[in-house]
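> Got a predicted model here, sequence first, then my questions.
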Amino acid sequence: MTKWMLLTHQIAQDTPNLRVKVWRVLKKHGAVLFKNAVYVLPHTNEHEEIMQWLCKQIKEGGSDVSLFITESLSREQDEEIIKVFQEVRNKEYLEMFDACNNLLQKIEQIEETDGITDRSSNTPKKRLNEIIKNTEDISRIDFFYSPQKDTVLDKIHFIQQKLNGWQKASEKGIPDIGKNYKVKDFLGKKWVTRKDIFIDRIASAWLIKRFIDLKAKFAFLSKGAQCKGAIPFDMYGSEFTHRGEDCTFETLVKVFGLKDDALQTISEIVHDIDLKDNKYCRKEAEGIEQIIAGLSQRLSNDNKLLEKGMEIFDALYSSYSSKGE
């Protein structure tokens, strides 16, 4: 049987701010209201720590709260609780599905009026990245893989392919030098790189996840270790690594034909930090390097470090996209 955490509270009516704060924390971490009586989460050490902290906040706010860790008596009871989780996540995924449809309508309007240009594609790309980020946030708390998840991911992939088609149309038939790859051939793959990731591997993983393979999974290997069936990057002898004067991030941008001014700006920053040749003289490089270095000192787990790094590069991309860089 599944082990559950149950939280029930009685927050005073004269403390609306506390009520909102509690609701936001519970929603953020994926708790659902079961039979309008208790908030439920699957039991994990992390969830237990969060719930205990929340109980403390409620008590310090002058209200009552109770927290229980228990198991259901039957598989049927587990399934009933799981169904509630899936229904809540499905509703959230459907909001993303509607957002995708709205974006597709705007894309079609651009095709019919403004035409396909690098400038006209900036806004749809930015909106798609927002949808991807929100979908990933839902996915992190989708503990029981709700059915609507795949529907949303398929819709996102469709929009990605459409925007990639825009990129090809705006290239006016000018081919890139060297071998190129198609995004459609790299969907749902496992990607592998060296452990103890830093700027180039973090940035490259972000690029893969956001622009090449939304369903990408990552593994980090010690020296001499292997991972069969995975696609290596930033590793000696792999297709996707340093080429000539380019770092791995620049290589990926070029071989996948990602024509995006904001990505070009980020690639210059990553290059200057990784290769330390000050080729592009990006003034942001030093600060971003210090942030990544600080995170790597705090987080020894590569998966957690990558998660934080993804947030940094999401913010950078949003900033440079809005500036038109």
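It's in.
> contacts and neighbour counts: CA atoms only from here.
Will do.
> Just the strands from the stretch 151-300 of the chain, written as ranges.
Taking DSSP state E, counting those that start in this stretch to define them, one finds strands in the stretch 151-300 of the chain at 190-194, 217-221, 231-232.
> Tabulate those strands (a markdown table), appending mean pLDDT, distance to Glu268 and mean neighbour count.
Below are these laid out as a markdown table (pLDDT from 0 to 100; distance: least, C-alpha to C-alpha, whole Å; neighbours: other C-alpha atoms under 10 Å):
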| stretch | mean pLDDT | distance to Glu268 | mean neighbour count |
| --- | --- | --- | --- |
| strand 190-194 | 94 | 21 | 21 |
| strand 217-221 | 94 | 24 | 16 |
| strand 231-232 | 94 | 22 | 20 |
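> what pLDDT, on average, does the strand or helix carrying Lys106 get?
Under the assignment given by DSSP states H and E, the secondary-structure element containing Lys106 is helix 75-112. Taken as a whole, helix 75-112 has a mean pLDDT of 92.
> show me what contacts Ile81?
Taking C-alpha atoms under 8 Å, 6 or more residues apart in numbering as the definition of contact, the neighbours of Ile81 are Phe34.
> Hmm, I typed the wrong one, I wanted Leu306.
Ile197, Ile202, Ala205.
> try Lys276
Counted by C-alpha under 8 Å, 6+ apart, Lys276 has zero contacts.
> Roughly how far does it sit from Glu250?
As judged by C-alpha to C-alpha, to the nearest Å, Lys276 and Glu250 stand 15 Å apart.
> tell me, how many neighbours does Arg140 end up with?
Using other C-alpha atoms under 10 Å, Arg140 has 12 neighbouring residues.
> Please apply the same query to the one 3 residues further on.
Residues near Phe143, counting by other C-alpha under 10 Å, number 15.
> So it: helix, strand or coil?
coil (DSSP: H, G, I helix; E, B strand; the rest coil).
> quick one, helices of the protein?
Per DSSP state H, the chain has helices spanning 16-28, 45-60, 75-112, 118-140, 148-170, 199-207, 248-255, 261-275, 285-298, 302-323. These are given in chain order.
> I figured Arg201 was touching Asp234, is that so?
Yes: in this structure, Arg201 is within contact of Asp234 by C-alpha atoms under 8 Å, at 6.5 Å.
> more neighbours, the two?
Neighbour totals were compared for Arg201 and Asp234, and Arg201 leads with 25 against 22 (other C-alpha under 10 Å).
> Which pLDDT value goes with that one?
97.
> give the contact list for Val270.
Per C-alpha under 8 Å, 6+ apart, neighbours of Val270: Ile199, Asp200, Ala203, Cys247, Phe249, Ala285.
> and which of the residues you listed is nearest Asp154?
Within the set of these, Ala203 lies nearest Asp154; the separation is 24.5 Å, counting by C-alpha to C-alpha.
> so that closest one touches Glu250, yeah?
No: the pair formed by Ala203 and Glu250 falls short of the contact definition of C-alpha under 8 Å, at 10.0 Å.
> now the end-to-end length of stretch 207-216.
Taking C-alpha to C-alpha, stretch 207-216 runs 11 Å from one end to the other.
> contact partners of it?
Stretch 207-216 is touched from outside by 129, 132, 153, 157, 160, 183, 186-191, 249, 256, with contacts defined as C-alpha under 8 Å, 6+ apart.
> Stretch 138-155 now?
29-30, 82, 85-87, 89-90, 92-94, 96-97, 100, 214.
> Now, of those residues, which are buried?
The neighbour-count criterion (16 or more other C-alpha atoms under 10 Å) marks 29-30, 82, 85-86, 89-90, 92-93, 96-97, 100, 214 among these as buried.
> can you name the two of the residues you listed that are farthest apart?
The largest distance within the buried ones among the contacts of stretch 138-155, taken as C-alpha to C-alpha, falls between Ile82 and Cys100 and amounts to 26.7 Å.
> Could you list the low-confidence segments of the stretch 101-250 of the chain?
Along the stretch 101-250 of the chain, segments meeting pLDDT under 70 span 112-120, 166-179, 224, 237.
> do that again at 50, thanks
Where the stretch 101-250 of the chain drops to pLDDT under 50, the residues are 169-178.
> Nearest approach to Phe34 belongs to which of the strands of the stretch 151-300 of the chain?
Of all the strands of the stretch 151-300 of the chain, the one in closest proximity to Phe34, counting by C-alpha to C-alpha, is strand 217-221 (32.3 Å).
> Domain map for the protein?
3-71, 85-170, 183-323 (automatic domain parsing).
> Output those domains as a markdown table; include the columns distance to Gln77.
Converted to a markdown table, the domains of the chain look like this (distance: least, C-alpha to C-alpha, whole Å):
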| stretch | distance to Gln77 |
| --- | --- |
| domain 3-71 | 10 |
| domain 85-170 | 13 |
| domain 183-323 | 32 |
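> Can you report how many residues neighbour Asp137?
Asp137 - counted by other C-alpha under 10 Å - has 14 other residues nearby.
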